[in-house]
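# next comes the sequence, and after it the predicted model I'd like to discuss.
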Amino acid sequence: MRSLRSPGAGRARATRTAAAVLSLATAALLVGCASADPTTDSGGSPAAKDFKQAEQKEGSQITVWADSTRLPSVQAYQKAHPDTKMKIVTYDGGADGSTYLQSKVQLFDRTGKGWPDVVFGSPTDVTWASQPTKPGAQPFAAPLDDKLVPQETLDGFAKGSLTPCEFNGHTYCLRNDIAQVVLWYNKPLMDKWGYQVPATWEEYEALGRKVGKEHPGHLVGSVGDTNSHESYFWSTKCPAYQLTEPDKLRSNLSDKNCTRTAKLLDNLIDAKAVTTKGFFSQGFAKDSGNKVLMAYGPSWYGQYLFKTAFKVPSKTMAVAPPLKWAGESTASTGNVGGGVWMVSSHSNNLKASTDLATWLTTSDENQTAAPTYPAYTKAAQAWLKNPANSSYFAGDVSEVFQSAADAVWTGWSNTRFPDATAWSSAVLPKLTEGKSLTSVLPDWQKEISNEAKADGYQVTNE
């Protein structure tokens, strides 16, 4: 989650008290980066031509930068590997769009020293860490697929979860956790009222309208949080942030997938079944937390929204698969969080650094007790078997979580700027004023374009 986005960042945006939950919910950074066509060497394989290993010093100390949520995991590794010399530094981990790491790396590039060996960060950090910070400089992040991490290990991550790590044909990070979007619902109330769990967006809208009439005050969703667009518009494959090349962004909110999503939500807002107040807004948990019949949101909602913030009793909340439009054979979904681990290309001990990053992301020993859903498939299976991660729910969440993890749409790209700012500045205030989502799509489009151009992207709206 971007810090929530790793509810982590404790993520884990989930890896927390209600405040931790809130920061979590705001801290998990986006997934989904379009890869450019790779350059290749004479052998036909992608060439990381800028990667030149520093002099390797076996057994030398490695410096690790981690956020406070991931700190216990790093300490656990150190305890389990006493022969590995480590210096551990706690920092914000890239939460809430922080540029601290980038600024420090730029300084280290100028001075030629100081780089940490392993860092926890957000997918947004990878956009610059995989590229030189100045002409002639080596990208900060090492290409892990270049003889550092076995391909078999990389293939073990959930489908598409490493997409934010991939640039120019190489993989520059390992995904710590993901926050796949699913449909949450209050099972006792659904059973009591005789409602069927929707499988399509059309059924979701119809049920929401019915709830608005038959049980006023109850809700089937919210569009008022800074990451609500990731749950809805990402899941419906709206091309708001779609890289066609590393420096070219397609953002087309007039696309059918955007307009029909906005219209559906407008209808549910009008029916008072979807609120424009954020689930994490001040006072919402106290005033309306027990009125949420359904919610379309990330996997960490269970523990951090319903259990921690809303205080919903155990055996109440259940999950259903991501929704699809009628006539579609398969569903896609969005992602609201998830952090990454990067290894420095300047490290003098790549062996120890890579081993740490791999252990943190793939080992059952670490991930079974992680705060949020692991991106590595086998570790996720172990995580689901941990009663602490599953006993709260009304039924087994394993199948839904696992299938949704492989269904995150990779067409919503990771960019050098966070996607939350345009939604927060151009959309949320106008929804509060009573304007429709449909009417503010052009404003959202303009703000995305302005931010992208300011960050050096060529933008097309077609």
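Yes, it's here. Numbers count the residues shown, from 1 in each chain.
# for the stretch 251-400 of the chain, what spans make up the strands?
In the stretch 251-400 of the chain, strands defined by DSSP state E, counting those that start in this stretch lie at 274-275, 294-298, 317-320, 340-343, listed in chain order.
# dump the ones you listed to a markdown table, plus distance to F401.
Every C-beta, even on glycine, is put in place using the N, C-alpha and C of the backbone. Listed next are the strands of the stretch 251-400 of the chain as a markdown table, based on distance: least, CB to CB, whole Å:
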| stretch | distance to F401 |
| --- | --- |
| strand 274-275 | 24 |
| strand 294-298 | 10 |
| strand 317-320 | 7 |
| strand 340-343 | 20 |
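# for P143, find the nearest of the ones you listed.
Minimum separation from P143 across the strands of the stretch 251-400 of the chain (CB to CB) falls at strand 340-343, 9.5 Å.
# roughly how far apart are A295 and A320?
Look at A295 and A320: by CB to CB, to the nearest Å, they are 11 Å apart.
# and those two? Which one has more around it.
A295 (23 against 19; other CB atoms under 10 Å).
# still on that earlier bit, which neighbours do A295 and A320 have in common?
The contact sets of A295 and A320 overlap at L183, Y185 (CB atoms under 8 Å, 6 or more residues apart in numbering).
# okay, now E399: neighbour count?
Neighbours of E399 under the rule other CB under 10 Å: 12.
# i'd like the first residue to be 194 from this point on
All set: I'll call the first residue 194, so the last point we hit is now E592.
# doesn't V390 lie inside a helix?
No: the assignment for V390, made by DSSP: H, G, I helix; E, B strand; the rest coil, is coil rather than a helix.
# if you skip the residues just before and after it, what's nearest to it?
A513 (4.8 Å; CB to CB, 6 or more residues apart in numbering).
# next one: A335
Excluding its sequence neighbours, the residue lying closest to A335 (CB to CB, 6+ apart) is S538, at 4.1 Å.
# so the one you found touches D302, yeah?
No: under the criterion of CB atoms under 8 Å, S538 makes no contact with D302, lying 11.0 Å away.
# who's more crowded, these two?
Taking neighbours as other CB under 10 Å, S538 and D302 compare with S538 leading, 23 against 20.
# now do the contacts for the more buried one.
Neighbour list for S538: F244, K245, Q246, A247, Q331, P332, F333, A334, A335, P336 [criterion: CB under 8 Å, 6+ apart].
# same check on K297?
Listed by CB under 8 Å, 6+ apart, the contact partners of K297 are G307.
# tell me the SS of it?
Here K297 is recorded as helix under three-state DSSP.
# kindly report the same for the one 5 residues further on.
The assignment at D302 comes out as helix when based on three-state DSSP.
# would you confirm that it contacts A330?
Yes: the criterion here is CB under 8 Å, and D302 meets it with A330 at 4.9 Å.
# ok, and for stretch 604-621, which residues are buried?
Within stretch 604-621, the residues scored as buried using 16 or more other CB atoms under 10 Å are 604-613, 615-617, 619-621.
# just name the closest of those to A572, please.
For the buried residues of stretch 604-621, the residue nearest A572 by CB to CB is N607; the value is 21.9 Å.
# do you know how far the closest one is from G314?
12 Å.
# and what of S492?
S492 is 21 Å from G314, where distance means CB to CB.
# cool, S447 as well?
Computed as CB to CB, the S447 to G314 distance reads 34 Å.
# the two: which is more packed in?
Ranked by neighbour count (other CB under 10 Å), S447 and G314 place G314 first, with 29 against 12.
# so what's that one up against?
Contacts here follow CB under 8 Å, 6+ apart; on that basis G314 touches G286, G287, L294, A322, C366, G532, V533, W534, M535.
# ditto for L549
I255, V257, V267, Y270, T277, M279, V311.
# three-state assignment of S618?
Three-state assignment for S618 (three-state DSSP): helix.
# just checking, it touches E640?
Yes: taking CB under 8 Å as the definition, S618 is a contact partner of E640 at 6.1 Å.
# go through the longest helix that the chain contains and flag the buried ones.
The residue-count maximum for a helix in the chain (DSSP state H) belongs to helix 630-647. The neighbour-count check on helix 630-647 (16+ other CB under 10 Å) flags L630, V633, L634, D636, W637, Q638, E640, I641, S642, E644, A645 as buried.
# which of those residues lies closest to Y434?
Using CB to CB, I641 comes nearest to Y434 of these, at 7.1 Å.
# check contacts around the closest one.
Residues in contact with I641 (CB under 8 Å, 6+ apart) are A433, Y434, S444, L446, D612, A615.
# can you list those residues in CSV and add distance to N528 and pLDDT?
Below are those laid out as CSV (distance: CB to CB, whole Å; pLDDT from 0 to 100):
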residue, distance to N528, pLDDT
A433, 14, 98
Y434, 12, 97
S444, 18, 98
L446, 19, 98
D612, 11, 94
A615, 17, 97
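# farthest pair within those?
Spatial extent of the contacts of I641 (CB to CB) is set by the pair L446 and D612 at 12.6 Å.
# before we move on, back to that, so in that sheet, which strands flank the following helix or strand past the longest helix of the chain, and in what orientation?
Using DSSP states H and E, the helix or strand that directly follows helix 630-647 along the chain is strand 651-653. If you go by DSSP bridges, strand 651-653 pairs up with strand 441-443 (parallel).
# any buried residues in the partner strand, and which?
Those would be L442, R443, for strand 441-443 by 16+ other CB under 10 Å.
# distance between that strand and the chain's centre?
In terms of CA atoms, centre = their mean, to the nearest Å, the centre of strand 441-443 is set 20 Å apart from its chain centre.
# tell me what the closest residue to T653 other than its chain neighbours is bridged to.
The spatially closest residue to T653, leaving aside those adjacent along the chain, is R443, at 5.2 Å (CB to CB, 6+ apart). Beta-bridge pairing for R443 (DSSP bridges): Q435, T653.
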